[in-house]
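Chemist: Provided below for reference: sequence and predicted model.
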Amino acid sequence: MAVLGNKKSKVSDEIPSSSMADIAFLLLIFFLVTTTFPKDKGLSLVLPEESEQIEVSQKNILHIIVNPDGRVVVRYGDSPQEQTVPADNLRSIWRQGVSENPNLIASVKTHPDASYRFMIDVLDALKAAGSNRISLGLLEG
Amino acid sequence: MGLKSGGLERKSKAATEIPSSSMADIAFLLLIFFMVSTVFQSDKNRQIEWANAEATEKMDEKQKDILNVWVESNGAVYINDLERTMDEVSDVVYPIFVGNPNLKISIRSDRNVAYNYIDQLQKELVSAGALKVVFATELEKSMTRQRR
């Protein structure tokens, strides 16, 4: 038994393959459980019904006008004073406005030629400020 | 082995157990078969530049409750991979909405489309009765916004 090459080990020199299927299933189940499909995401809104027309007094309206070049003009309902602001500032304007008047409604009027993304910027700022009373419309005249 | 009649006690040389070593292979075969033959119902992805929004939220609705309405940058509207004119939208959406009152419309519009189209689309959806809409956006990190 001095020659090492002749020594026969009792341990099998093959990798046990009977549990391979178990390992494969384990991996399969792991990936099945951890996979998440990309969910739809976006800014949700409920549109008004067709016949629904609510009279809102001017003092409860925050007019937001989106121009074709992306400028955002803000005007409180009953005041003639207009103010051009960056879309980001709408958050603080909305928060301040709603703390003064809890019934405030944001009326977003977008120019027909304005890019969709400018309207989304405004909607985003309002949503981020926690608003859910938003009216979307087309700027007329 | 004293009893020779009937052969009930005769030992067969074939193994009495069902061979289980190939069970995993059969399972994988079935798995792969179903994986290959399953078709997910989904629209073709259109060439759209998404609008970005920080307030983007994930929707919990089931996939079958969501109808995608694509608006390309030239104002073309696609529903279920078919191009529709703006006037057709309410006629197309209405039967789907009646079949599923929980329907939520995902407006997937190019960020540069003129708002005129979106407004028309909203009016069409309202006249079809589908009031729950989502303006599909990409999540924007506040960092990237500051840099812009």
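Modeler: Looks like it came in fine. Numbering: from 1, shown residues only, chains lettered A, B, ... in the order given.

Chemist: Retrieve the pLDDT associated with the residue in chain B that chain A sits nearest to.
Modeler: Proximity to chain A, evaluated over chain B using C-beta to the nearest C-beta, is greatest for B:Ala24 at 3.2 Å. Glycine gets a C-beta too; all of them are placed from N, C-alpha and C. Each residue has a pLDDT score; the one for B:Ala24 is 78.

Chemist: Also B:Tyr94?
Modeler: Predicted confidence (pLDDT) for B:Tyr94: 91.

Chemist: Let me see the contact set for it.
Modeler: Taking C-beta atoms under 8 Å, 6 or more residues apart in numbering or on different chains as the contact definition, B:Tyr94 lies against B:128-130.

Chemist: Which residue is the nearest non-sequential neighbour of B:Asn74?
Modeler: For B:Asn74, the nearest residue in space outside its immediate sequence neighbours is B:Val113; the separation is 7.9 Å by C-beta to C-beta, 6 or more residues apart in numbering or on different chains.

Chemist: didn't that neighbour look like it was pressed against B:Ala76?
Modeler: No. Judged on C-beta atoms under 8 Å, B:Val113 makes no contact with B:Ala76 at a distance of 9.5 Å.

Chemist: Between the two, which is the more surrounded one?
Modeler: Neighbours were counted for B:Val113 and for B:Ala76 using other C-beta atoms under 10 Å in any protein chain shown; B:Val113 has more, 22 against 16.

Chemist: Low-confidence stretches in chain A?
Modeler: Counting by pLDDT under 70, chain A contains low-confidence ranges at A:1-9, A:141.

Chemist: Point me to the residue sitting closest to the centre of it.
Modeler: A:Gly42 (4.1 Å; C-alpha atoms, centre = their mean).

Chemist: Following element in sequence after whichever strand or helix holds that residue, please.
Modeler: Assessed by DSSP states H and E, A:Gly42 sits inside strand A:41-46. From strand A:41-46 onward toward the C-terminus, using DSSP H and E, the following helix or strand is strand A:61-66.

Chemist: Show the subsequent helix or strand relative to that following strand.
Modeler: strand A:72-76.

Chemist: what's that following strand in contact with?
Modeler: With contacts defined as C-beta under 8 Å, 6+ apart, strand A:72-76 is touched by A:59, A:61-67, A:81-87, A:90, A:93, A:97, A:118, A:121-122.

Chemist: switch the cut-off to 10 Å
Modeler: Counting contacts by C-beta atoms under 10 Å, 6 or more residues apart in numbering or on different chains, the residues outside strand A:72-76 that touch it are A:58-67, A:81-90, A:93-94, A:97, A:100-101, A:104, A:106-110, A:118-119, A:121-122, A:125.

Chemist: Give me the sheet partners of the strand holding A:Gly42 and which way each runs.
Modeler: When sheet partners are counted by DSSP bridges, strand A:41-46 sits next to strand B:57-58 (antiparallel), strand B:132-139 (antiparallel).

Chemist: JSON lines for the ones you listed, including mean pLDDT?
Modeler: Output for those, formatted as JSON lines (pLDDT from 0 to 100):
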{"stretch": "strand B:57-58", "mean pLDDT": "85"}
{"stretch": "strand B:132-139", "mean pLDDT": "89"}
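
Chemist: okay, those strands in TSV with mean neighbour count next?
Modeler: Written out in TSV, the entries for these read as follows (neighbours: other C-beta atoms under 10 Å in any protein chain shown):
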stretch	mean neighbour count
strand B:57-58	13
strand B:132-139	21
